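Undergrad: structure of the sequence below:
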Amino acid sequence: MEVWKSARASGHGVGKSAIVAWLILFFMSTRVDTRGVVTANTQFQLEDKTWPELAKWHNLLLNKHWFDWSPTGITFAAYPEEKRKNYKITAATVSEQKTEAFAGLHNEGKAVVVIFDEASGIPAKIWEVSEGALTDGEGFFFAFGNPTRPDGDFADCFDKHGHLYDTEHIDSREV
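TA: Here you go, the predicted structure:
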């Protein structure tokens with residue numbers, strides 16, 4: 001099955017974190033037993049920017065009662081605790097030495113969502129390991145970030161691997 005891959009580059013204040021939140025809520029709301037992981041270049045970005053933005057939009061969601069939001073994940077509320085791991089998107093800080101958040105992420109026949117926020121700062125090893133999570137099920141990969149580095153995996157989404165991604169550069173002066 002082909003994996004949907006998307007990359008968006010823009011400056012500050014465009015709403016990348018809002019789009020990340022909307023994507024999480026969209027997949028959780030439209031695909032039963034979705035499993036996924038969201039990471040960022042720093043723990044601060046994930047805990048103080050990305051995940052609070054998800055809380056904001058979760059609170060505005062018409063079907064918010066379907067989901068339980070926590071500082072580390074969002075799960076399907078109607079499932080018993082032992083089954084929630086099968087319908088969950090997790091916030092996970094990762095490093096090149098700690099790739100387990102992606103290494104064990106599989107969901108045969110169901111949706112698998114991987115989201116990188118501030119993707120230009122995410123190490124190459126994490127990009128590599130995340131590919132393995134997208135080998136079964138209905139795979140979706142999203143990378144968002146500032147185009148601050150002319151090389152690396154995020155930059156490659158727009159040139160070297162541009163044929164594999166749906167890409168867009170968003171000029172923050174025009175938003």
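
Undergrad: please identify the helix or strand for the most centrally placed residue in the chain.
TA: Nearest residue to the geometric centre of the chain (Cα atoms, centre = their mean): Ile115, 1.6 Å. Assigned by DSSP states H and E, Ile115 belongs to strand 111-117.

Undergrad: list the helices and strands that strand packs on?
TA: Packing contacts for strand 111-117, counted by 3 or more Cβ pairs under 8 Å, 6 or more residues apart in numbering; DSSP states H and E, involve helix 16-30, strand 35-40, helix 124-133, strand 138-145. Using the backbone N, CA and C atoms, a C-beta is placed for each residue, glycine as well.

Undergrad: one more time with 10 Å
TA: Under the contact definition 3 or more Cβ pairs under 10 Å, 6 or more residues apart in numbering; DSSP states H and E, strand 111-117 sits against strand 4-10, helix 16-30, strand 35-40, strand 88-91, helix 124-133, strand 138-145.

Undergrad: quick revisit: show me what contacts the residue nearest to the centre of the chain?
TA: Applying Cβ atoms under 10 Å, 6 or more residues apart in numbering to Ile115 gives the contacts 6, 19-21, 23-24, 27, 36-40, 50, 89, 91, 130, 140-144.

Undergrad: please name the nearest non-neighbouring residue to Ala18.
TA: Glu53 (5.9 Å; Cβ to Cβ, 6 or more residues apart in numbering).

Undergrad: ok, now Pro71?
TA: Trp51 (6.5 Å).

Undergrad: could you list the buried residues of whichever strand or helix holds the one you found?
TA: Per DSSP H and E: Trp51 is located in helix 51-60. Buried residues in helix 51-60, counted by 16 or more other Cβ atoms under 10 Å: Trp51, Glu53, Leu54, Trp57, His58.

Undergrad: excluding sequence neighbours, find me the nearest residue to the last one.
TA: Which is His58. The shortest distance from His58 to any non-neighbouring residue, by Cβ to Cβ, 6+ apart, is to Trp69 (4.8 Å).

Undergrad: for this protein, give me the ranges with low pLDDT.
TA: Scanning the chain for pLDDT under 70 picks out the ranges 1, 99-104.

Undergrad: again, only this time at 80
TA: 1, 13-14, 94-106, 171-175 (pLDDT under 80).

Undergrad: still on that earlier bit, so who does the residue nearest to Pro71 touch?
TA: By Cβ under 10 Å, 6+ apart, the residues touching Trp51 are 17, 20-21, 24, 38, 40, 45, 69-74, 91, 117.

Undergrad: ranking the helices and strands packed on strand 111-117 by burial, who's on top?
TA: strand 35-40 (a mean of 25; mean count of other Cβ atoms under 10 Å).
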